[in-house]
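let me see the structure of the following:
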Amino acid sequence: MSSSYTSSESQSFTITHARKIAVKVATDLKRMQRFYGQPSDTSITYYEEEIVQMLKAGYFKKVSYGFQKDGKWIEPSLHFEANDLGGLASDDDPGRIRPGVDISGASFYSYLIYSSEWWNLTEEDRATFREGLPFKRGGADEPGINGYLSQDKTYSAGGKSVIRSTVKSY
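Residues are numbered from 1 along each chain as shown. Predicted coordinates:
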């Protein structure tokens, strides 16, 4: 005798899922603030809401927050990249921001990369969406990295995840 089982799961990515992921990113930023004085509470709130809206709409590809010196990310900068889950993914707790890194002469910066879905919108649709975001971003070239990226956390909900990587010094 043989048995066969079929399982099917359908899940919609909701605003609640997006908020669950964004709260973890905001928690990381709050820890960065505690150790390095940046970003401000207002900026953290804005970054969190931006991620919620961008994730929910499918327009988020990657965002970086941290410190730059000579136009390059330095430790302890954080990079978050969207990922669709092919199966089960871990859902880590935020944290492990390295304290005590020398950031003298560096400036806090944030850089967002949009998904291909964003670029498939008309300019009018992009402008309309931008109006609902908590702040306006300007254009700039993507900064380089002084060191390397180390993938260290995954935040997931509703079939999507955001993979966190931290800049490490050589």
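
please count neighbours and contacts with C-alpha atoms only from this point.
Noted.

which parts of this protein are helices?
If you assign secondary structure with DSSP state H, the helices in the chain sit at 15-36, 41-57, 116-119, 123-131.

which among these is found nearest to Ser156?
helix 15-36 (6.2 Å; Cα to Cα).

list the contacts of Gly159.
11-13, 84-85 (Cα atoms under 8 Å, 6 or more residues apart in numbering).

Asp102: which of those residues is nearest?
Distances from Asp102 to these, taken by Cα to Cα, are shortest for Asp84, at 35.2 Å.

off-centre distance for stretch 118-130?
How far stretch 118-130 lies from its chain's middle: 20 Å, per Cα atoms, centre = their mean, to the nearest Å.

re earlier: buried subset of the contacts of Gly159?
The neighbour-count criterion (16 or more other Cα atoms under 10 Å) marks Phe13 among these as buried.

coming back round to it: which among the helices of the chain is found nearest to Ser104?
Short answer: helix 15-36, nearest of the helices of the chain by Cα to Cα, at 10.3 Å.

touching that closest one from outside, list them.
Residues contacting helix 15-36 (Cα under 8 Å, 6+ apart): 38-41, 44-45, 47-49, 51-53, 55-56, 65, 93-95, 97, 99-100, 155-158, 161-162.

filter those down to the buried ones and hand me the PyMOL line.
The PyMOL selection below is limited to those of these classed as buried (16+ other Cα under 10 Å):
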select buried, resi 38+39+44+45+47+48+49+51+52+53+55+56+65+94+95+97+155+156+157+158+161+162
